[in-house]
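1. Would you be able to build a 3D model of this:
(one chain, ligands or ions: 1)
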Amino acid sequence: MNISESAAGPAEPDRRRPADDGGRGSPSTEPAIETRDLRMRYGSTEVLRGVDLRVHQGEVVALLGPNGAGKTTTIEILEGFRRRSDGRVRVLGVDPNDGGEAWRARLGVVLQSWRDHGRWRVRELLGHLGRFYAPYATARRPRPYDTGELLELVGLTDRADAVIATLSGGQRRRLDVAVGLVGRPDLLFLDEPTVGFDPQARRDFHELVERLTGLEGTSVLLTTHDLEEAERLADRIVILAGGRIVADGTSAELARRFSGKSEVRYRRDGRRYVESAVDATGHVRGLFTEYGEAIEDLEVHRVRLEDVYMTLVHEFESGRRTEAPSELTEMAR
Ligand SMILES: Nc1ncnc2c1ncn2[C@@H]1O[C@H](COP(=O)(O)OP(=O)(O)OP(=O)(O)O)[C@@H](O)[C@H]1O
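-> Purely as a prediction, here's the structure:
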């Protein structure tokens, strides 16, 4: 079946949601995704070298990493599209190698590109794909989504009767997202969901993801190269490099754990100063105590996710680092 499906979720720091089903059923502590020592070899090349990943129910996790790090491979293994070489994997409580239709019906997938069914009309395609999910409806999760509601949700109501081949790139991507959502998934995989979106479409998509996770309690694993998107959408960020997870936490946690320092810039007596400080507030207080009004143009910069990411990835790619810094890999529990 060539279905692409999607969704996503909110993003404030440290907002680890309780392990429940979004308040519409019996609470459960089972993670949506759990891997232990996941390994994948293509021939003699080991792409994944012991990945331990956990995604809680209702959580949005962004999987970051340089090109070729194994993000798509990981997602394909979790979706059951690819068999792993080794390790333990549970997705919605099931080993993806054994997942049947009922299990698959609970997953939504939005792939990187999806170009089939060009002659179909938008509404027709969603209605057609939705029928697959009907037998798997529950009281808590009516399946499939009502087509009109879904079109509204992704902003395609105006194009409902358009032939798919005539959609713009951004509209096409919205359709990808709708296809990913049509079965009202418990768990949504989004592989670079906003590539090709203009800024408005990107903002709409982020709001959609936040609504979905807020209203439906959908768990989301997304890959992206857009660090701002990861910060905006994800409860937690996981960085894959060198075949392992090298960092795991909220963007604020990663920045704090990685560096723990802020940069304090100011001007005094016509000269510019740049100083780094663990306790930026105390440092600034000290400056004012000592120099008072002579301090001008004061700026405090915290280390950003981008700084952590670029430094880590560069270290792995240049071979200067082969092991993850332990302070960045505490798994969120
Ligand atoms: N079917 C395959 N056979 C052999 N090697 C493969 C296969 N699929 C992927 N690879 C290799 O495995 C590595 C990881 O690829 P993967 O697509 O999972 O990375 P990625 O992190 O998703 O990259 P990108 O950010 O570019 O999408 C790459 O070196 C890739 O060339």
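2. When you work out contacts or count neighbours from here on, use the C-alpha atoms and nothing else.
-> Noted.
3. residues touching residue 162, list them.
-> For residue 162, the contacting residues are 121, 122, by CA atoms under 8 Å, 6 or more residues apart in numbering.
4. What of residue 32?
-> Counting by CA under 8 Å, 6+ apart, residue 32 touches 54, 55, 56, 57, 90, 91, 92, 93, 187, 219.
5. Could you tell me the per-residue confidence at residue 318?
-> At residue 318 the predicted local confidence, pLDDT, stands at 75.
6. Run a quick neighbour tally on the residue of the stretch 201-333 of the chain found nearest the ligand.
-> Ranked by CA to the nearest ligand atom, the top residue of the stretch 201-333 of the chain for proximity to the ligand is residue 225, at 7.3 Å. Other residues lying near residue 225 total 16 when counted by other CA atoms under 10 Å.
7. Just put the contacts of residue 32 in JSON lines and tack on secondary structure, neighbour count and distance to the ligand.
-> Written out in JSON lines, the entries for the contacts of residue 32 read as follows (DSSP: H, G, I helix; E, B strand; the rest coil; neighbours: other CA atoms under 10 Å; distance: CA to the nearest ligand atom, whole Å):
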{"residue": "54", "secondary structure": "strand", "neighbour count": "21", "distance to the ligand": "18"}
{"residue": "55", "secondary structure": "strand", "neighbour count": "25", "distance to the ligand": "18"}
{"residue": "56", "secondary structure": "coil", "neighbour count": "23", "distance to the ligand": "22"}
{"residue": "57", "secondary structure": "coil", "neighbour count": "28", "distance to the ligand": "23"}
{"residue": "90", "secondary structure": "strand", "neighbour count": "19", "distance to the ligand": "19"}
{"residue": "91", "secondary structure": "strand", "neighbour count": "23", "distance to the ligand": "18"}
{"residue": "92", "secondary structure": "coil", "neighbour count": "21", "distance to the ligand": "22"}
{"residue": "93", "secondary structure": "coil", "neighbour count": "14", "distance to the ligand": "23"}
{"residue": "187", "secondary structure": "strand", "neighbour count": "32", "distance to the ligand": "19"}
{"residue": "219", "secondary structure": "strand", "neighbour count": "28", "distance to the ligand": "20"}
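8. if we can go back for a sec, wait, isn't the residue of the stretch 201-333 of the chain closest to the ligand in contact with residue 192?
-> Yes. With contacts counted by CA atoms under 8 Å, residue 225 reaches residue 192, the gap being 7.3 Å.
9. Go through stretch 220-238 and flag the buried ones.
-> Going by neighbour count (16 or more other CA atoms under 10 Å), the buried part of stretch 220-238 is 220-225, 227, 229-238.
10. Which is the succeeding secondary structure element to the helix or strand bottoming out on mean pLDDT in the chain?
-> Taking mean pLDDT, DSSP states H and E as the measure, the helix or strand of the chain with the lowest value is helix 251-258, at a mean of 76. As assigned by DSSP states H and E, the chain's next helix or strand after helix 251-258 is strand 262-268.
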